[in-house]
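Participant: just a sequence and a predicted model for now, questions to come.
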2 protein chains.
Amino acid sequence: MGQINKELMHKDAPIGVFDSGVGGLTVAREIMRQIPNEKIIYFGDTARVPYGSKSQKTVTRYSEQIVRFLRTFQVKTIVVACNTASAYALDTLEKDIDIPIVDVIKPGAKMATEVTRNGRIGVIATEATISSQMYTKYITNLNRSITIYEKACPLFVPLVEEGLWEDPVTDEIVRRYLTELIDIDIDTLILGCTHYPLIRSTLRRIIGDKVTLVNPAYETAVELRQLLSEMNILNEETPGLGSNQYQFYVSDKAEKFVRFANSIINYGILSAKTVNIEEY
Amino acid sequence: MGQINKELMHKDAPIGVFDSGVGGLTVAREIMRQIPNEKIIYFGDTARVPYGSKSQKTVTRYSEQIVRFLRTFQVKTIVVACNTASAYALDTLEKDIDIPIVDVIKPGAKMATEVTRNGRIGVIATEATISSQMYTKYITNLNRSITIYEKACPLFVPLVEEGLWEDPVTDEIVRRYLTELIDIDIDTLILGCTHYPLIRSTLRRIIGDKVTLVNPAYETAVELRQLLSEMNILNEETPGLGSNQYQFYVSDKAEKFVRFANSIINYGILSAKTVNIEEY
């Protein structure tokens, strides 16, 4: 990480959260639950979604543009609420920045390492996240004796975006992707894409009760809270009414985003603004 | 259309063809078959695919960038080999340009009007193309007595991109999307997205033998040939070996594109170059 500049980090400054689209809202939701005093600036790159099938170079360029955009709000920290961006862009983003960055891969990897009993962890994610092998790298660093089985599930994001959260087609696709992980007898499964918690009940039904599902969104909010606390920049005051505590920005289709966001976040999101992210 | 400048249009100049990704290759394939002397510069916007879920403003901006890129090759004409870009961006593109542009919607709409006997035409396409209602507008302009039934099929593109061209899951999704069109007793179905010819045999099996499938890729190549002929700029000479007759450019993941292209075009595509399209 670059040199952290504490001058930039005010307690009442917002937290920047970004994702390729709506999936990162599952992370924002956990932050709202666990640290309810914090302000959030959320950016969803709905013009260029999905990231999971794109190259490292492209995902890194997109992430850099978004970080430049979020910094115009004087955010005190940034949460990369997208596994693909965490896998591909985190190193580059950290190199140049003077505020802390929290990613979604490390917290999930750490939790999975703690909960596995038989030392067999499965990871499901986009093609990009799987090909980066970042989950395997982090978990192996923590515990060399754990075996990790990674499986790309490229159709999950389109199925979630189509709203087929509970559907026989989703069942069939989940069954195909998970069969080999079930056969290998994993006891822990990391939901390595922020869209996947939205089909959690289907995943649970097909993988069975014996496998622990790790949702990195939850672990990421825990990690963020701890980081803010250690740096003494947790917001101690509840933002007042009319303070615009949660602001949402997208690169396209703001209305569709708002509808989707309201189905994920139980909060009554009124609006999202569209920005031309290519200009940043 | 802007004022056409004939000075710019040389017989041996290439044709620019673009799409959001690989779907437009079904159009390029028809051009290669029907006008085998022509050179083609193909651009697939693989960094920003898919277009079908994006807004008109965004699709238009992307299309304008691509046209600027294609014009650096002194193309004699441009084929918008993407239904979404044809629906959303054609009017804007035509306004400023001094070479002819061929889209994929008008040729398919015209053919459907000619082949229907019962006056009931179905159109399947992306969300964006359907919401533009361009097929309905063109067909109604040609024949007011025809009834058009439009149906968005947002999961077809991800299924095609995943290679599930023949699969029980694709069967099930095709059945869901087509049921109402079958019930309405259409006799003609326009494949209003350039990806859809790749699941033509599944569509045929489920819609039955009595419905005529219209593939705008074929009709577009017919229209292009006619246009070049009328303007007296058909290439009369076969390009020699080593003349780079077909050149492919993408905005991301050139290798994956080449693999996919070789499964569509029976030609032996060796390479595609990556360009940063945001710079145009």
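Facilitator: That came through fine.

Participant: for chain B, what are the nearby residues on the stretch 1-150 of chain A?
Facilitator: Within the stretch 1-150 of chain A, the residues that sit near chain B (Cβ under 8 Å from any Cβ of the partner chain) are A:46-48, A:53-55, A:57-58. For every residue, glycine as well, the C-beta is placed using N, CA and C.

Participant: contacting residues for residue A:171?
Facilitator: Residue A:171 is in contact with A:202, A:205-206, counting by Cβ atoms under 8 Å, 6 or more residues apart in numbering or on different chains.

Participant: tell me the SS of it?
Facilitator: The three-state label given to residue A:171 by DSSP: H, G, I helix; E, B strand; the rest coil is helix.

Participant: what's the answer for residue A:78, then?
Facilitator: Quick answer, by three-state DSSP: residue A:78 is strand.

Participant: and the nearest residue to it once chain neighbours are set aside, what's its pLDDT?
Facilitator: Leaving aside its sequence neighbours, residue A:78 sits nearest to residue A:16 (Cβ to Cβ, 6 or more residues apart in numbering or on different chains; 4.4 Å). Looking at residue A:16, its pLDDT stands at 98.

Participant: any idea what residue A:16 is bridged to?
Facilitator: Residues in a beta bridge with residue A:16, per DSSP bridges, are residue A:41, residue A:78.

Participant: in which helix or strand does the closest residue to chain B within chain A reside?
Facilitator: Going by Cβ to the nearest Cβ, chain B is nearest to residue A:158 of chain A, at 3.8 Å. Per DSSP states H and E: residue A:158 is located in helix A:156-161.

Participant: contacting residues around that helix?
Facilitator: With contacts defined as Cβ under 8 Å, 6+ apart, helix A:156-161 is touched by A:21-23, A:50, A:52, A:124, A:126, A:167, A:169-170, A:173-174, A:177, A:193, A:195-196, A:198-199, B:53, B:154-155, B:158.

Participant: one more: stretch A:131-151?
Facilitator: A:56, A:86-88, A:105-106, A:108-110, A:112-113, A:116, A:119-125, A:129-130, A:152, A:177-178, A:180-181, A:184, A:186, A:190, A:192.

Participant: from these, list just the buried residues.
Facilitator: A:86-88, A:105-106, A:108-110, A:112-113, A:116, A:120-125, A:129-130, A:152, A:177-178, A:181, A:186, A:190, A:192 (16 or more other Cβ atoms under 10 Å in any protein chain shown).

Participant: which ones among those residues lie within helices?
Facilitator: Counting by DSSP state H, the buried ones among the contacts of stretch A:131-151 place A:86-88, A:105-106, A:108-110, A:112-113, A:129-130, A:177-178, A:181 in helices.

Participant: how distant is stretch A:91-110 from the center of its chain?
Facilitator: Chain-centre distance of stretch A:91-110: 12 Å, with Cα atoms, centre = their mean, to the nearest Å.

Participant: please tabulate the residues of the stretch 1-150 of chain A next to chain B in CSV, including the columns pLDDT, distance to residue B:138 and secondary structure.
Facilitator: Shown next, in CSV, are the residues of the stretch 1-150 of chain A next to chain B (pLDDT from 0 to 100; distance: Cβ to Cβ, whole Å; DSSP: H, G, I helix; E, B strand; the rest coil):
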residue, pLDDT, distance to residue B:138, secondary structure
A:46, 94, 29, coil
A:47, 94, 27, coil
A:48, 93, 30, coil
A:53, 90, 32, coil
A:54, 93, 34, coil
A:55, 95, 37, coil
A:57, 96, 40, helix
A:58, 96, 35, helix
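
Participant: quick one, which of those residues are buried?
Facilitator: A:46-48, A:53-55, A:58.

Participant: skipping its backbone neighbours, what lies nearest the residue nearest the centre of chain A in space?
Facilitator: Centroid-nearest residue in chain A: residue A:81, 2.9 Å away (criterion: Cα atoms, centre = their mean). Residue nearest to residue A:81 in three dimensions, not counting chain neighbours: residue A:24, with 3.2 Å by Cβ to Cβ, 6+ apart.

Participant: quick one: residues contacting the residue nearest to the centre of chain A.
Facilitator: Residue A:81 makes contact with A:17-19, A:23-24, A:26-28, A:104, A:194, A:217, A:220, according to Cβ under 8 Å, 6+ apart.

Participant: how about a cut-off of 7 Å?
Facilitator: A:17-19, A:24, A:27-28, A:104, A:194 (Cβ atoms under 7 Å, 6 or more residues apart in numbering or on different chains).

Participant: closest to residue A:74 among these?
Facilitator: Proximity of the contacts of residue A:81 to residue A:74 (Cβ to Cβ) peaks at residue A:17, which lies at 14.8 Å.

Participant: pretty sure that closest one sits against residue A:38.
Facilitator: No: look at residue A:17 against residue A:38 with Cβ atoms under 7 Å: they stay out of range, at 10.0 Å.

Participant: the more surrounded of these two?
Facilitator: residue A:17 (29 against 26; other Cβ atoms under 10 Å in any protein chain shown).

Participant: OK, contacts around that one?
Facilitator: By Cβ under 7 Å, 6+ apart, the contact set of residue A:17 is A:24, A:27-28, A:40, A:42, A:79, A:81.

Participant: ok, now residue A:121?
Facilitator: Contacts of residue A:121 by Cβ under 7 Å, 6+ apart are A:112, A:139, A:146, A:148, A:186, A:188, A:190.

Participant: any idea which element the fourth one lies in?
Facilitator: Read that as residue A:148. strand A:147-152.

Participant: buried stuff in that strand?
Facilitator: Going by neighbour count (16+ other Cβ under 10 Å), the buried part of strand A:147-152 is A:148-152.

Participant: how about those in JSON lines, adding pLDDT?
Facilitator: Listed next are the buried residues of strand A:147-152 as JSON lines, based on pLDDT from 0 to 100:
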{"residue": "A:148", "pLDDT": "98"}
{"residue": "A:149", "pLDDT": "97"}
{"residue": "A:150", "pLDDT": "97"}
{"residue": "A:151", "pLDDT": "97"}
{"residue": "A:152", "pLDDT": "96"}
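
Participant: so residue A:247 touches residue A:43, yeah?
Facilitator: No: using Cβ under 7 Å, residue A:247 is not in contact with residue A:43, being 9.5 Å away.

Participant: more neighbours, those two?
Facilitator: More crowded of residue A:247 and residue A:43, by other Cβ under 10 Å: residue A:43, with 26 against 16.

Participant: what's the pLDDT at that one?
Facilitator: pLDDT, read off for residue A:43, is 98.

Participant: list the residues that contact the closest residue to residue A:39 other than its chain neighbours.
Facilitator: Spatial nearest neighbour of residue A:39, chain neighbours left out: residue A:14 (3.8 Å); criterion: Cβ to Cβ, 6+ apart. With contact set as Cβ under 7 Å, 6+ apart, residue A:14 has these partners: A:39-41, A:73, A:75.

Participant: which two among those are spaced furthest apart?
Facilitator: Going by Cβ to Cβ, the pair spanning those furthest: A:40 and A:73, at 10.2 Å.

Participant: more crowded one of those two?
Facilitator: Counting neighbours by other Cβ under 10 Å for residue A:40 and for residue A:73 shows that residue A:40 has the greater number, 19 against 16.

Participant: can you pull the pLDDT of the more buried one?
Facilitator: pLDDT, residue A:40: 97.

Participant: would you map the strands across the stretch 101-250 of chain A?
Facilitator: Counting by DSSP state E, counting those that start in this stretch, the stretch 101-250 of chain A has strands at residues A:101-103, A:120-125, A:147-152, A:188-191, A:212-214, A:246-250.

Participant: just put those strands in a markdown table and tack on distance to residue B:254.
Facilitator: Formatted as a markdown table, these follow (distance: least, Cβ to Cβ, whole Å):
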| stretch | distance to residue B:254 |
| --- | --- |
| strand A:101-103 | 28 |
| strand A:120-125 | 23 |
| strand A:147-152 | 20 |
| strand A:188-191 | 31 |
| strand A:212-214 | 35 |
| strand A:246-250 | 29 |
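
Participant: those strands: which one's closest to residue B:258?
Facilitator: For the strands of the stretch 101-250 of chain A, proximity to residue B:258 was assessed by Cβ to Cβ; strand A:147-152 is nearest, at 20.0 Å.
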